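# return a 3D structure for these sequence lines:
(chains A and B)
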Amino acid sequence: MKLYKFIIEFLQVAILLGIAPAFMGWVRMLKCWSQGRTSAGLFQPYRDIIKLFSKDVLLADNASWIFRFTPYLVFGTVVLAGGIIPMLSLELPIASTADVIVLVGLFAIARFFTALAGMDIGTAFGGMGSSREMTIASLAEPAMLMAIFTVSLASKSTSLSQMVHVVYSGQSVLRPSLAFALFAFVLIALAETGRIPVDNPATHLELTMIHEAMILEYSGRHLALIEWANMMKLVLFIMLGAAVFAPWGIAQTGDLTAILAAFLIMLLKLAAVGFVLVIIETGLAKMRIFRLTEFLGSAFLLATLGMLSFFILE
Amino acid sequence: MDLNIAAQLNSFLAAFVLLTAFGMLVQRRMFGLVHLFMWQGLFLSINTAIVGFVAGKHHLYISSVLTLSLKVILLPYILHVLIRRLKVHKEVEVVENIPMTMLMGIALVIFSYYLMSPVSQLSTLVTRSTLAVALATVMIGLLMMITRKHAVSQIIGFLAMENGLFFAATSATYGMPLVVELGVALDILIAAFIFGIFFFHISTAFDSLDVDQMARLKEED
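Numbering: from 1, shown residues only, chains lettered A, B, ... in the order given. Model (predicted):
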């Protein structure tokens, strides 16, 4: 039985690895359609990754071990995070050892090393990107933790599986605190995954790029790993939001049919969120970087209001 | 609709009233402000109707309809016309240090919660938990009047304060007597006309609705 749970866990991580590029392709495809362009298709990200893997790695002469180590670390933390967030089943062996705070910590480690690697080569762009990324992180992480604490107040636990159980047991209908936390989470997820009002994932224009500036010096399989990790991070944030705010569909038992149903519902959720994401991205322009304090400040405000309204109203 | 769900809906709407109050605090555009004010009125009116249903007080339905017609339809319409006539609809107000203002708003919410928690413990009404939110809405309206320089946004802050007072009355005692509420509604309407006239005077005298210009009123020595 123990082994069976580990198999489910592996299945979930494998699905995450496989599905992330397709989801990115789906978002890009919808975006192309919404702008009246012809899209490169759902499977273009796979081709990109395969192409990058077959290319040589070009390293700068003064690159230290940090620069070479970072892509593997980023990829590893994201895969590990994929084992913690309940996407298919609640009975994940790793999930019981790690809660949401660990998850935020994992993302923070990946970000810290990416920022270090950005500065490691010593180019101007890398340093600029790192400085901007850390500015955003310093504002986004408190808000993220605040939103998570708000949710965990309602479920009296920081473990994701426990949160899902509480929602399933039907104790929390119409909680204002959860609504606030959801708003806050959407804003933070846009910032953390580098989507449009905060960062433009498609740009390589020197003045506007944030995340792309840090990884500008990467090539070959290093770049492939980082790109792939980014795609997975987007899926993971969506699945984290789904697990906390709309967990319906996640299998409670290790039953195979339940897992299959969970997989199909997960695909539906991803498709729907992709649609919403594209609407947000085509509707908004990228924000001026100095307006970000306001954007993430409102996320923090919403999360704090959620927490206060838990005490005041519930 | 059973009582429990009604109480939950009530607190949900209270949360949205608070959210719109914060939205107004940081909104820079004039029409955005008016729309937020409209939403606040709408949440307030639905909330009043629900409280009326829960408490079995039928005069609250009349207050609810009064709120709907006055604060969701009439006042926003008057403000819309004023903003268009005064040609300030494209103006983007300069608001100093929005994150700081938001933090002050949060502090006010905590303060009102602290102030109101003994009162809510004594009360036996279904709406007792929303009392703190109502007080916070009043205070945020006041904060908005302090932090803003533009005459129109100051007036909207004033109206938001009135919304908060109305909300406080509903949640503390299931609403004031109908005569008082009719009187207040009439006052608000008259106030709307008076500030309309004042806006025109300010804008003809100073070519702007920025009340900082009023510093020029002092005599030369």
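# do you know how far residue B:37 is from chain A?
According to Cβ to the nearest Cβ, to the nearest Å, residue B:37 stands 19 Å off from chain A. The way it works is simple: take the backbone N, C-alpha and C, and place the C-beta from them, glycine included.
# so which bits of the longest helix seen in chain B are buried?
For chain B, the longest helix by residue count, based on DSSP state H, is helix B:178-206. Buried residues in helix B:178-206, defined by neighbour count with 16 or more other Cβ atoms under 10 Å in any protein chain shown: B:181, B:184-185, B:188, B:192, B:195-196, B:199, B:202-203, B:206.
# ditto for stretch A:215-235
Neighbour counts over stretch A:215-235 (16+ other Cβ under 10 Å) mark A:215-218, A:220-235 as buried.
# near chain B, which residues of the stretch 201-314 of chain A are found?
Residues of the stretch 201-314 of chain A found near chain B (Cβ under 8 Å from any Cβ of the partner chain) are A:293-294, A:297-298, A:301-302, A:304-305, A:308-309, A:311-314.
# any idea which of the buried residues of helix B:178-206 is least confident?
Least confident of these in the model: residue B:206, at 79.
# distance of the closest residue to that residue other than its chain neighbours from residue B:130?
In this structure, residue B:206 finds its nearest non-sequential neighbour in residue B:213, 4.2 Å apart by Cβ to Cβ, 6 or more residues apart in numbering or on different chains. According to Cβ to Cβ, to the nearest Å, residue B:213 stands 39 Å off from residue B:130.
# between the two, which one's more packed in?
residue B:130 (30 against 15; other Cβ atoms under 10 Å in any protein chain shown).
# just give the number of residues close to residue A:268.
11.
# just to revisit the earlier point, what is the nearest of the buried residues of helix B:178-206 to chain A?
For these, the residue nearest chain A by Cβ to the nearest Cβ is residue B:181; the value is 24.6 Å.
# dump the residue contacts of that closest one.
B:63, B:66, B:166, B:175 (Cβ atoms under 8 Å, 6 or more residues apart in numbering or on different chains).
# please apply the same query to residue A:218.
A:71, A:226.
# just confirm it is within a strand.
No - counting by DSSP: H, G, I helix; E, B strand; the rest coil, residue A:218 falls outside a strand, being coil.
# show me what the helix or strand harbouring residue B:135 is packed up against.
Following DSSP states H and E, one finds residue B:135 within helix B:131-147. Packing contacts for helix B:131-147, counted by 3 or more Cβ pairs under 8 Å, 6 or more residues apart in numbering or on different chains; DSSP states H and E, involve helix A:292-313, helix B:3-26, helix B:98-122, helix B:151-173.
# show me which residues of the last one are buried.
Read that as helix B:151-173. Going by neighbour count (16+ other Cβ under 10 Å), the buried part of helix B:151-173 is B:151-172.
# nearest spatial neighbour of residue A:82, chain-adjacent residues omitted?
Using Cβ to Cβ, 6+ apart and skipping residues adjacent in sequence, the residue nearest residue A:82 is residue A:16, 4.2 Å away.
# so which bits of the one helix or strand the one you found maps to are buried?
Here residue A:16 sits within helix A:2-34, counting by DSSP H and E. Neighbour-count burial for helix A:2-34 flags A:8-9, A:12-13, A:15-17, A:19-31 (criterion: 16+ other Cβ under 10 Å).
# now do the phi/psi pair for the nearest residue to residue A:287 once chain neighbours are set aside.
In this structure, residue A:287 finds its nearest non-sequential neighbour in residue A:197, 4.9 Å apart by Cβ to Cβ, 6+ apart. The phi and psi values for residue A:197, taken as degrees, to the nearest 10, are phi -60, psi -20.
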